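Undergrad: Got a predicted structure plus its sequence, pasted below:
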Amino acid sequence: MGDEGLDSALMALSIAIQTEMDGREFYKRAAERTNDPGGKILFISLADDELEHLRLLRAQKEALAKEGRWLRQPETEADAHRAQVEGAPIFSREALREDISVYTSELSALRMAFLMEKDAVAFYSKAASETHDPDGKAMYEYLVGMEKEHQRILEEEYNALAKEFWSAMGFEPF
């Protein structure tokens, strides 16, 4: 890899690391703010996944900076961890029916989280397409898959919670 390619790869990894740090902090704050046990589990799980991504990205950046090469993509526990939060509904529908207003911040957090994951998918997809090294490409493609799964979970939960919210408010847009 030439100096320009190395610099570009290191810059992409720096951006990815900052993105994952920001995502982790967002999920930690969302977990602290929600009173819903299922929501708390979801946000903590996503924060844990972001920490796993951070470890991977930092190791890749260190290997590139010191040795000028990408590490092979190892199997991680993230796939097993991810399965623990699959499927909506996660937030309590009974509690929603009791106090609708409590869930407006959860809806906002879910929407923001979905958009963050969407941006991450776009970033990692672009990085994968621009990375010629098979190990680097594999790492980015792995992250694309993880972020798409986060996106799916968040979208399902947002849609389910929004539908309950609209119904409880007497407003059905469709």
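TA: Cool, the structure landed.
Undergrad: so where is the chain shaky, pLDDT-wise?
TA: Across the chain, the ranges flagged by pLDDT under 70 are 1-3, 74-103, 169, 172-174.
Undergrad: All the helices of it, residue numbers only.
TA: For the chain, the helices defined by DSSP state H occupy 3-33, 37-67, 78-82, 93-98, 104-130, 134-168.
Undergrad: can I get the ones you listed in a markdown table with mean neighbour count?
TA: From N, CA and C alone the C-beta is placed, and that goes for glycine too. As requested, those are exported to a markdown table (neighbours: other CB atoms under 10 Å):
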| stretch | mean neighbour count |
| --- | --- |
| helix 3-33 | 16 |
| helix 37-67 | 18 |
| helix 78-82 | 15 |
| helix 93-98 | 13 |
| helix 104-130 | 17 |
| helix 134-168 | 19 |
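Undergrad: How about the contacts made by Arg72?
TA: 135, 138 (CB atoms under 8 Å, 6 or more residues apart in numbering).
Undergrad: Mind doing that once more with 7 Å?
TA: Asp135 (CB atoms under 7 Å, 6 or more residues apart in numbering).
Undergrad: What of Leu46?
TA: 27, 150.
Undergrad: if I look at it, how far off is Lys148?
TA: To Lys148, Leu46 is 13 Å away according to CB to CB, to the nearest Å.
Undergrad: start to end distance for stretch 30-40?
TA: Terminal residues of stretch 30-40 lie 8 Å apart, using CA to CA, to the nearest Å.
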